[in-house]
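Peer 1: Everything below, folded, please.
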Amino acid sequence: MKNKILTAIFLVFAFVAYGQTNPSYKYQRGYVKKDGTYVKPHMKTNTNVTNHDNYSTTNNQNIHTGTTGSRAKDFSPQAQNYGKGKTIHTGERGGQYYINEKSNKIYVPKRKN
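Peer 2: Numbers count the residues shown, from 1 in each chain. Predicted coordinates for the structure are as follows:
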């Protein structure tokens, strides 16, 4: 009986720990960026309305590589540091970005305007 209780507690903890990341993911083929940088194939979370559950977001763990994310969460104080001094634009699907010196869009965590 004691083992069943401990197992149940462990399963609840595991569910909560992994509940932070988006359970819906897909394979991203390798590609070359406009600046010539090659991006290796990888698994990524499917697009949704927030970055709180992405593998790359702070405190979230990528279940495929074991790495921990480092990007600020949408609307967090840390998100205000991305693109400091640049005009932040909002795209038609809600993504926020600034234009860098090479005229490329650099997406940032969502900010409160």
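Peer 1: Wait, residue 112 touches residue 77, no?
Peer 2: No. Look at residue 112 against residue 77 with C-beta atoms under 8 Å: they stay out of range, at 10.5 Å. Quick note: C-beta positions are derived from backbone N, CA and C, even for glycine.
Peer 1: Quick check: next helix or strand after the one helix or strand in the chain whose mean pLDDT sits lowest?
Peer 2: Every helix and strand in the chain was compared by mean pLDDT, DSSP states H and E; the lowest is helix 2-18, with a mean of 53. Next helix or strand after helix 2-18 toward the C-terminus (DSSP states H and E): strand 25-28.
Peer 1: Just the buried residues of that following strand, please?
Peer 2: residue 25 (16 or more other C-beta atoms under 10 Å).
Peer 1: And for stretch 68-86?
Peer 2: So for stretch 68-86, counting by 16+ other C-beta under 10 Å, buried means 69, 71, 72, 73, 74, 76, 79, 82, 83.
Peer 1: Kindly report the same for stretch 38-58.
Peer 2: 45, 51, 52, 53, 54, 55, 57, 58.
Peer 1: How far does that stretch stretch from one end to the other?
Peer 2: Start-to-end span of stretch 38-58 (C-alpha to C-alpha, to the nearest Å) is 24 Å.
Peer 1: what's near enough to touch residue 35?
Peer 2: Contacts here follow C-beta atoms under 8 Å, 6 or more residues apart in numbering; on that basis residue 35 touches 102, 104.
Peer 1: now residue 50
Peer 2: 74, 110.
Peer 1: residue ranges with poor pLDDT in the protein?
Peer 2: Counting by pLDDT under 70, the chain shows low-confidence ranges at 1-20, 113.
Peer 1: which residues are contacting stretch 99-107?
Peer 2: 34, 35, 83, 86, 87, 89, 95, 96, 97, 98.
Peer 1: could you flag which of the residues you listed are buried?
Peer 2: 83, 96, 97, 98.
Peer 1: just to revisit the earlier point, among the buried residues of stretch 38-58, which one lies nearest to residue 26?
Peer 2: If you rank those by distance to residue 26 using C-beta to C-beta, residue 45 comes first, at 8.1 Å.
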